[in-house]
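*Asks:* this is the structure alone, sequence omitted:
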């Protein structure tokens, strides 16, 4: 048992410790919330019951009636118009379009445009064959000859251009390039090096002065920033931190406890108010049933039902029997009158036209199960299905 006890204790959920403030706030809050929530819950349940009754008794039948009226006014006319007007008209227009448009166009394409197109293709094919023959037999030899002539002219021009290029290159080298190289190596390079050394010295001096000024400015700004930091920390941050830590945090915790308890109290009060509303509704239902429903049911079962049976047995059934007798006598009288009229018409017809000829009854042949020939099926015959080879 000692070994199992810690495991059992470990399985139990730990309950959070509640302070005296929570216990002191919970009971009055729940009482006040219950007093405030019970009327609201009863009004809500009454509205829900009234809404369900209104929906089941008024809105749903009204909606169905409006749906039927809307279907009869809007849907069925359009369905009839589509089914009995638009569809036949569309079929007729389609048939007319097929007969007067599609069939003539198909005939035109098949018997006019297709042969015409084939003829045009044949003509263009002949033109293309002629142009190909001209290209192969005339233009190609002329082009080869012109290319040979141009190639010879190009070789001569290339030889002349090579000599001229060599002369111009020698002149440019010794008249421009060599003097420019000497000027760059012995004049421009020393002058540029001297200018670069002077520029580096000037840049070093300027950078040293700027660095000193920047260091001085940064020291001044650092001192001002340090001073402003401590001023803002003492005047704003420390009071705000103290206000947050010693005022707002405890107040927020208290408000959180109050809000949580108010929420829990609202939940409990809503459920309790539901039970109270259910009990009140059942009491009112029972009261209405004993005041209205039970007396009406007792009057229906005790007074109206026997009275209805007496009226049925003493008045309605004899009246129904009398009505049936009158109807039966009337039907017999009408049948006798019809028979008399039929007999009078037959006597008048015989008097005018004479007796009708009697038609001999037609003899209907009765189908026989055995064949009608002389050779019937016998067990001794070899032509039966059982003894056939």
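*Replies:* Nice, thanks for sending it over. Here the structure is a predicted model, which is why all the values come from computation and not from measurement.
*Asks:* and residue 290, how far is that from residue 304?
*Replies:* Going from residue 290 to residue 304 by Cβ to Cβ, to the nearest Å gives 20 Å. For glycine as for every other residue, the C-beta is placed from the backbone atoms N, C-alpha and C.
*Asks:* would you map the strands across the stretch 251-389 of the chain?
*Replies:* Taking DSSP state E, counting those that start in this stretch to define them, one finds no strands in the stretch 251-389 of the chain.
*Asks:* low-confidence regions, it specifically.
*Replies:* The stretch 251-389 of the chain contains residues with pLDDT under 70 at 354-389.
*Asks:* how about 50 then?
*Replies:* Along the stretch 251-389 of the chain, segments meeting pLDDT under 50 span 385-389.
*Asks:* show me where it has its helices.
*Replies:* Applying DSSP state H, counting those that start in this stretch to the stretch 251-389 of the chain gives helices spanning 294-299, 305-311, 317-353.
*Asks:* contacting residues around stretch 41-48?
*Replies:* Contact with stretch 41-48 is made by 270, 273-274, 276-278, 280-281, as judged by Cβ atoms under 8 Å, 6 or more residues apart in numbering.
*Asks:* same check on stretch 195-212?
*Replies:* Counting by Cβ under 8 Å, 6+ apart, no residue outside stretch 195-212 touches it.
*Asks:* from residue 101, how far out is residue 138?
*Replies:* On the measure of Cβ to Cβ, residue 138 and residue 101 end up 51 Å apart.
*Asks:* returning to what we had before: considering the contacts of stretch 41-48, which is situated nearest to residue 166?
*Replies:* For the contacts of stretch 41-48, the residue nearest residue 166 by Cβ to Cβ is residue 270; the value is 111.2 Å.
*Asks:* please enumerate the helices of the stretch 51-200 of the chain.
*Replies:* 60-70, 76-81, 87-97, 103-108, 114-134, 140-172, 178-183, 189-232.
*Asks:* still on that earlier bit, tabulate the helices of the stretch 251-389 of the chain (a markdown table), appending mean neighbour count.
*Replies:* As requested, the helices of the stretch 251-389 of the chain are exported to a markdown table (neighbours: other Cβ atoms under 10 Å):
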| stretch | mean neighbour count |
| --- | --- |
| helix 294-299 | 11 |
| helix 305-311 | 11 |
| helix 317-353 | 10 |
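*Asks:* now those as CSV including distance to residue 233?
*Replies:* Putting these into CSV (distance: least, Cβ to Cβ, whole Å) gives the following:
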stretch, distance to residue 233
helix 294-299, 84
helix 305-311, 97
helix 317-353, 110
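*Asks:* out of these, which comes closest to residue 116?
*Replies:* Residue 116 sits nearest to helix 317-353 of all the helices of the stretch 251-389 of the chain, at 80.8 Å, using Cβ to Cβ.
*Asks:* I'd like the distance from the closest one to the chain centre, please.
*Replies:* 72 Å (Cα atoms, centre = their mean, to the nearest Å).
*Asks:* do stretch 341-356 as well
*Replies:* Between the centre of stretch 341-356 and the centre of its chain there are 81 Å (Cα atoms, centre = their mean).
*Asks:* ok, stretch 66-74 next?
*Replies:* Chain-centre distance of stretch 66-74: 27 Å, with Cα atoms, centre = their mean.
*Asks:* now stretch 297-316
*Replies:* The chain centre lies 61 Å from the centre of stretch 297-316; the measure is Cα atoms, centre = their mean.
*Asks:* using a markdown table, lay out the helices of the stretch 51-200 of the chain together with mean neighbour count and mean pLDDT.
*Replies:* Shown next, in a markdown table, are those (neighbours: other Cβ atoms under 10 Å; pLDDT from 0 to 100):
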| stretch | mean neighbour count | mean pLDDT |
| --- | --- | --- |
| helix 60-70 | 10 | 91 |
| helix 76-81 | 11 | 88 |
| helix 87-97 | 10 | 90 |
| helix 103-108 | 11 | 90 |
| helix 114-134 | 10 | 88 |
| helix 140-172 | 10 | 81 |
| helix 178-183 | 10 | 81 |
| helix 189-232 | 10 | 87 |
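*Asks:* drop anything exposed from the contacts of stretch 41-48.
*Replies:* Buried members of these, counted by 16 or more other Cβ atoms under 10 Å: 270, 273-274, 276-277.
*Asks:* for residue 353, state which of those is nearest.
*Replies:* So of the buried ones among the contacts of stretch 41-48, ranked by how close each gets to residue 353 (Cβ to Cβ), first place is residue 277, at 94.1 Å.
*Asks:* let me see the contact set for the closest one.
*Replies:* 38, 41-42, 44-45 are the contacts of residue 277 under Cβ under 8 Å, 6+ apart.
*Asks:* any chance of a markdown table for those, columns pLDDT and distance to residue 195?
*Replies:* Formatted as a markdown table, these follow (pLDDT from 0 to 100; distance: Cβ to Cβ, whole Å):
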| residue | pLDDT | distance to residue 195 |
| --- | --- | --- |
| 38 | 77 | 101 |
| 41 | 79 | 98 |
| 42 | 81 | 102 |
| 44 | 85 | 96 |
| 45 | 82 | 101 |
